[in-house]
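>>> After the sequence you'll find the predicted model.
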Amino acid sequence: MSHMILLVDDDKEMRYALSETLKRCGYSVDTASEGREAIDKFSSGKFEMVITDIRMTYSSEGIQILKEIKKQSQNTPVVIITAYGTIDNAVEAMKLGAFDYLIKPFSIDALEEVVKRAFDSLPDNSSIFPEKQHKQGIVTENPKVLRLLKIAEGIALSDVTVLIEGESGTGKEMLAKFIHNRSRRASNSFVAINCAAIPDGLLESELFGYERGSFTGAINKRNGKFIQAHNGTLLLDEVSEMSLPLQAKLLRVLQERQVDTIGGKDPVDINIRVIATTNKSLKREVEEGRFRADLYYRLNVFPVTLPPLRERAGDVPHLAEFFLKKHRNIGVNMDRSSVCRISQDAISILQDHEWRGNIRELENAIERAILLAEGDTIMPEHIMIDEKSPENVNANVNTKENISVISAGLSVHQMERSLIMKTLGEVKGNRTMAAKLLGIGVRTLRNKLKEYREEGVV
């Protein structure tokens, strides 16, 4: 996704020239001709950088724009354009937090260079909006989660084993990365393995590795996840799904800090930090005999519980804005950069939903809404979050297969078909992407299309 720049200048020809130059450099650009328009556009939350002339209709309007942007987002780089006669104003702008300034007339190379430096100065995945976004995409204003992040930062510098519990979709892996990236191991590998996604027979070899010829099909030696994570962090995702025999082998590795590869002669020393996650209560799993008590105590050195999204409803608008910014450009042929707002009515619908799928479900809903939006704003009719969502929709409709809106009297079957066909059209027939956006499996999508063909409507 290209970086978004807001360009502010009251000179129409200058706006056009700079905008076209930046676009040719691969950036996405929107423009404003005066301060109020600039601040209103910046408040939408989609811009990562601002370039503004220092003198416009009013004497030093660029300074006021800079001050307002820094109030909203201290980390957003602002580049000032000035003339020789206003160098003093440029110096004032630098004191107020401007990233740099360009003196008219300047070359295209000078513009490219300062813009590149500005974006390079931002930390990877950094927060643009203070108090709403933390590194690694953790977006929150919830006091409980902010307190949890503060604790996570405190334990990151130790090598203590962390157990993160929470429902599916609450961001457990994001928190694990948050801890890793603040640890002394941050420059080394972060290796994750989903214990629920790999059959038990393969999980052992994935974890511990194997030697060439140790079993049929072992053509080459393979290092397991423990060895791959040496000097770094290993995430055991959904560790509760591991079988009891494999739990015993895992316990030995954690105790001895050595790995016995399958077919290997000697154990391999490892130096790793372990973080485990689970969407179940491991204590209850122990009580019911599905998880080893000794392994539980080995993992539960520092327990952390992530709250579900329904307990932090105040974060829903911020998360929705974050995902809107993240997904506005969906592939080369799926530019939706014009979709830059979510209406208050749509936000209300999002806040009223239970979100049993938590943050992951919300992200999927925003992806679908971006595809369905026809203007620059996501409206209530674009929020398709469950089978009840048609009740939230009121608009005129066309009952052909490519209907984009829904009205009373349309059957659920017709609505479903309309949504599926519209989504397929938007993604140029890519069934895998369409299934993902619709929240269904590819096989289900294939069966639906077969049904529609038999009905003679596609």
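Nice, thanks for sending it over.

>>> quick one: the helices in the stretch 1-150 of the chain?
Under the criterion DSSP state H, counting those that start in this stretch, helices of the stretch 1-150 of the chain are mapped to 12-24, 35-42, 61-72, 87-95, 108-120, 143-156.

>>> So for the shortest one, what gets flagged as buried?
By 16 or more other CB atoms under 10 Å, the buried positions in helix 35-42 come out as Gly35, Ala38, Ile39, Lys41, Phe42. All C-beta atoms are positioned from the backbone trio N, CA, C, and that covers glycine.

>>> Correct me if wrong: the last one contacts Lys70.
What that stands for is Phe42. No: counting by CB atoms under 8 Å, Phe42 does not reach Lys70; the two are 11.0 Å apart.

>>> Quick one: mean pLDDT for stretch 243-263?
The average pLDDT for stretch 243-263 rounds to 91.

>>> Can you list the buried residues in it?
Using 16+ other CB under 10 Å as the test for burial, stretch 243-263 gives Leu246, Gln247, Lys249, Leu250, Leu251, Val253, Leu254, Val259, Asp260, Thr261, Ile262.

>>> same deal with stretch 14-30?
So for stretch 14-30, counting by 16+ other CB under 10 Å, buried means Arg15, Leu18, Ser19, Thr21, Leu22, Cys25, Tyr27, Ser28, Val29, Asp30.

>>> For Lys283, state which of those residues is nearest.
Nearest to Lys283 among the buried residues of stretch 14-30 is Ser28, at 49.0 Å by CB to CB.

>>> so Leu319 touches Ile138, yeah?
No: contact criterion CB under 8 Å: Leu319 and Ile138 do not qualify, at 10.1 Å.

>>> all strands for the stretch 351-458 of the chain, in order.
Ranges of strands in the stretch 351-458 of the chain, per DSSP state E, counting those that start in this stretch, are 377-378.

>>> give me the low-pLDDT residue ranges for it?
Applying pLDDT under 70 to the stretch 351-458 of the chain flags residues 386-411, 428, 456-458.

>>> Equivalent analysis for the stretch 51-200 of the chain, please.
For the stretch 51-200 of the chain, the ranges with pLDDT under 70 are 57-60, 84-87, 121-137.

>>> Could you list the domains of this protein?
Domains of the chain are assigned by automatic domain parsing as 4-120, 133-307, 310-455.

>>> Pull the distance from the shortest one to the chain's centre.
Using CA atoms, centre = their mean, to the nearest Å, we find the averaged C-alpha position of domain 4-120 to lie 27 Å away from the chain's own average C-alpha position.

>>> now do the longest one
Between the centre of domain 133-307 and the centre of its chain there are 22 Å (CA atoms, centre = their mean).

>>> buried set for the host helix or strand of Phe323?
Applying DSSP states H and E as the criterion places Phe323 in helix 316-327. For helix 316-327, burial by neighbour count (16+ other CB under 10 Å) applies to Val316, Pro317, His318, Leu319, Ala320, Glu321, Phe322, Phe323, Leu324, Lys325, His327.

>>> The last one contacts Glu367, doesn't it?
I take that to be His327. Yes: applying CB under 8 Å, one finds His327 in contact with Glu367, separated by 5.0 Å.

>>> got the residue ranges for the helices in the stretch 201-350 of the chain?
Under DSSP H, counting those that start in this stretch, the stretch 201-350 of the chain gives helices at 225-228, 244-256, 282-287, 293-299, 316-327, 344-352.
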